[in-house]
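>>> 3D model of this:
(one chain, ligands or ions: 1)
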Amino acid sequence: MKYLSTRGHAARPEFCDILLGGLAPDGGLYLPEHTPRVSRAELDAWRGLAYADLAFEILSRFISDIPAADLRAICRQTYTAQVYCHVRAGDDAADIAPVHWLEPGRFGLLGLSNGPTLAFKDMAMQLLGNLFEYVLAQRGETINILGATSGDTGSAAEYAMRGKHRVRVFMLSPHGRMSAFQRAQMYSLQDKNIINIAITGMFDDAQDIVKAVSNDADFKARYKIGAVNSINWARVAAQIVYYFKGYFAATANNDERIAFCVPSGNFGNICAGHIAHQMGLPIERLILATNENDVLDEFFRTGIYRPRKAAETRVTSSPSMDISKASNFERFVFDLSGRDPAVVRGLWREIDQGGAFDLRGTPHFGRLADFAFVSGSSTHADRLETIRKVYERHGVIIDTHTADGVTVAWRHAAALRVPLLVLETALPVKFADTIREALGRDPETPADLRGLEALPQRVDVMAPEVETVKRFIADRVASE
Ligand SMILES: *Cc1c(COP(=O)(O)O)cnc(C)c1O
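Numbers count the residues shown, from 1 in each chain. The predicted structure is shown next:
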């Protein structure tokens, strides 16, 4: 399988070539040259597979430059009940992504937050850790991953890369601005290759430093600086698997159809659902849910894509969805345009200059009905009410992001005649303040994470200065 850029660059790299990189040279995003179609016979054969073997079958359609036996071994090493152990009572950790029905056969949660950091990003990031180690060993290379985090992404990356050979992680976080639980998750890691840097500033300061370092081509090449951000194709590919898994778990046979509702920020998670649909998975509806930062909901309702300024981005109680523009959205618009890179180039010329685009009245927007999408948004008050109702009716505590999903899913459920799964993107203990506000009680802490906040922590506190961070990285790399 070869990969193309959504903006039309001539190069056609393979999977391992784009695994460690980010954007295509022309600023576009990578997508497979064609979307593999899954036959009915394949669907029938896959229905009974364990998660790791299903992951192998699906990923091998997108990865032709890793031998099959090696890829299967990587999938089996990644998707184990030991890694994805944080399931609810009654759910089976061996399912990896278990369905937890609220209304049996009709409305359920697809549990994607059972990994080490209790958020769905572990589903892809754990695979990435093993793929990185494998490909770097093959090529005799090393990488220093540099990132900035306000919570979920950084910890998922650290837990995926801890102890991996040839990989170091330098993760910047805003000093004193994460929850005590999030701090403990990251700073208590004692692995030598995980280096936490607390910046005495805001998240934006940390992100600006990462951008400045990555824009210094000499430094980047000399110190082999890389990233694992949300536009990474391998992360999207790994996420396709659980749409198939959820479909098989929620239906009795492959004549049935299904709907998914996805709490969305950067459009990474639901982009994988879109690709599963394009592959032929019988998806009736993909329901996109946002919080008050509703740039994506606005597009699916109106055809206007209008990224917000940083100052217009609201701080909400579902913070991992607080985005001003959706970095993976370009992949969907490429398909919506009939895979025409000239169209994407034109539209993103506007976006990259801080503008917007309007597809109303274009043939592209006319084609939207072919793609199964609908959308909605919710507010803090909606989340509180939904968390309360789900707890009262079903005795289940959901997190604030999943609550965005359930709120929007309920609005669409009456019109659907197929099972509806809401993707559970985090466990409630990560957002305990809002759970207390909604229910007047604390969510449960998984047994193996009790006492986490009392463990010794390792972090270097640093002024928000690019040169200081660069010197620190250079010293660390030179000293090992
Ligand atoms: C990252 C994240 C999201 C948003 O996912 P996207 O792929 O950016 O759309 C939703 N919920 C949680 C808990 C997350 O960590």
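
>>> so what's Leu71 up against?
By Cβ atoms under 8 Å, 6 or more residues apart in numbering, the residues touching Leu71 are Phe56, Leu59, Ser60, Ile63. Just so you know, the C-beta spots here come from the backbone N, C-alpha and C atoms, and that holds for glycine as well.

>>> which one of those is nearest to the ligand?
Among the contacts of Leu71, Leu59 lies closest to the ligand (Cβ to the nearest ligand atom), at 18.3 Å.

>>> hang on, isn't the closest one packed against Gln239?
No. Leu59 is beyond contact range of Gln239, at 11.0 Å (criterion: Cβ atoms under 8 Å).

>>> who's more crowded, those two?
The residue with more neighbours, out of Leu59 and Gln239, is Gln239; 25 against 22, by other Cβ atoms under 10 Å.

>>> which pLDDT value goes with the more buried one?
If you check Gln239, the pLDDT there is 98.

>>> for it, which non-adjacent residue is closest in space?
Spatial nearest neighbour of Gln239, chain neighbours left out: Ala272 (3.4 Å); criterion: Cβ to Cβ, 6 or more residues apart in numbering.

>>> how far does the strand or helix carrying the one you found sit from its chain's centre?
Using DSSP states H and E, the element containing Ala272 is helix 268-279. In terms of Cα atoms, centre = their mean, to the nearest Å, the centre of helix 268-279 is found 12 Å from the chain centre.

>>> who are the packing partners of the helix or strand just after that helix?
Going down the chain from helix 268-279, the next helix or strand is strand 283-290, by DSSP H and E. Packing partners of strand 283-290 (3 or more Cβ pairs under 8 Å, 6 or more residues apart in numbering; DSSP states H and E): strand 258-263, helix 268-279, helix 295-302, strand 373-377, helix 400-413.

>>> can you tell me which of the ones you listed is packed in deepest?
Among those, strand 258-263 has the highest mean neighbour count (mean count of other Cβ atoms under 10 Å), at a mean of 28.

>>> that older thread, which one of the contacts of Leu71 is nearest to Thr290?
Closest approach to Thr290 among the contacts of Leu71 (Cβ to Cβ): Leu59, at 28.7 Å.

>>> check what pLDDT the residue in the stretch 101-250 of the chain that the ligand sits nearest to gets.
At 3.7 Å from the ligand, Asp152 is the closest residue in the stretch 101-250 of the chain, using Cβ to the nearest ligand atom. Note on Asp152: pLDDT of 80.

>>> residues near it, how many?
By other Cβ under 10 Å, 24 other residues sit near Asp152.

>>> touching, it and Thr117? I think so.
Yes. Using Cβ under 8 Å, Asp152 is in contact with Thr117, at 6.9 Å.

>>> buried sites along stretch 212-220?
Along stretch 212-220, these residues count as buried under the neighbour rule (16 or more other Cβ atoms under 10 Å): Val213, Phe219.

>>> how much space between the residue nearest to Gln239 and Ile283?
The gap separating Ala272 from Ile283 is 12 Å, by Cβ to Cβ, to the nearest Å.

>>> centre of the chain to stretch 192-199, how far?
With Cα atoms, centre = their mean, you get 22 Å for stretch 192-199.

>>> scratch that, stretch 86-93
Taking mean C-alpha positions (Cα atoms, centre = their mean), stretch 86-93 and its chain are 22 Å apart.

>>> what does that stretch contact?
With contacts defined as Cβ under 8 Å, 6+ apart, stretch 86-93 is touched by 81, 84-85, 95, 98, 100, 111, 113-115, 118, 396, 427, 446, 448.

>>> among the residues you listed, which are in strands?
Mapping the contacts of stretch 86-93 onto strands (DSSP state E) picks out His100, Gly111.

>>> just the buried ones among the contacts of stretch 86-93, please.
Restricting the contacts of stretch 86-93 to buried positions leaves Tyr84, Asp95, Pro98, His100, Gly111, Ser113, Asn114, Gly115, Leu118, Leu427, with burial counted as 16+ other Cβ under 10 Å.

>>> now the fourth one: closest residue in space, sequence neighbours ignored.
Counting by Cβ to Cβ, 6+ apart, Leu109 is the residue found nearest to His100 once chain neighbours are left out, at 4.6 Å.

>>> packing partners for the helix or strand hosting the one you found?
Leu109 is part of strand 107-111, with elements assigned from DSSP H and E. Helices and strands touching strand 107-111, as assessed by 3+ Cβ pairs under 8 Å, 6+ apart, comprise strand 99-103, helix 233-250, helix 400-413, strand 420-424.

>>> what angle sits between the third one and strand 283-290?
Comparing the axes of helix 400-413 and strand 283-290 via axes from the mean of the first three to the mean of the last three Cα atoms, to 10 degrees yields an angle of 130 degrees.

>>> what do you get for the last one?
Using the same axes, to 10 degrees, the direction of strand 420-424 lies 40 degrees away from that of strand 283-290.

>>> what does the first one give?
Using the same axes, to 10 degrees, the interaxial angle of strand 99-103 with respect to strand 283-290 works out to 90 degrees.

>>> report the angle between strand 99-103 and strand 107-111.
With the same axes, to 10 degrees defining the directions, strand 99-103 sits at 160 degrees from strand 107-111.

>>> tell me what strand 99-103 is packed against?
strand 107-111, helix 233-250, helix 380-394.

>>> mind putting these into TSV with distance to the ligand?
Converted to TSV, the helices and strands packed on strand 99-103 look like this (distance: least, Cβ to the nearest ligand atom, whole Å):
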stretch	distance to the ligand
strand 107-111	13
helix 233-250	8
helix 380-394	12
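
>>> what is the subsequent helix or strand relative to the helix or strand of the chain with the lowest mean pLDDT?
Lowest mean confidence among the helices and strands of the chain (mean pLDDT, DSSP states H and E): helix 203-215, at a mean of 87. Following helix 203-215 in sequence order, the next helix or strand is helix 217-222 (DSSP H and E).

>>> what pairs with whichever helix or strand comes after that following helix, parallel or antiparallel?
Beyond helix 217-222 on the C-terminal side, the first helix or strand identified by DSSP H and E is strand 225-226. Strand 225-226 sits in its sheet next to strand 143-148 (parallel), going by DSSP bridges.

>>> which residues are in contact with the strand it pairs with?
20, 132, 136, 153-154, 157, 161, 166-173, 203, 206-207, 209-210, 213-214, 223-229, 473, 477.

>>> buried residues of that strand, list them for me.
For strand 143-148, burial by neighbour count (16+ other Cβ under 10 Å) applies to Ile143, Asn144, Ile145, Leu146, Gly147, Ala148.

>>> can you put those in TSV and add pLDDT and distance to Leu423?
TSV is the format used below for those (pLDDT from 0 to 100; distance: Cβ to Cβ, whole Å):
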residue	pLDDT	distance to Leu423
Ile143	95	30
Asn144	96	32
Ile145	94	26
Leu146	94	29
Gly147	92	23
Ala148	91	25
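
>>> of those, which are in range of the ligand?
Residues of the buried residues of strand 143-148 in contact with the ligand (Cβ under 6 Å from any ligand atom): none.

>>> angle of the helix holding Ala272 against helix 295-302?
Put simply, helix 268-279 runs at 40 degrees to helix 295-302, going by the same axes, to 10 degrees.
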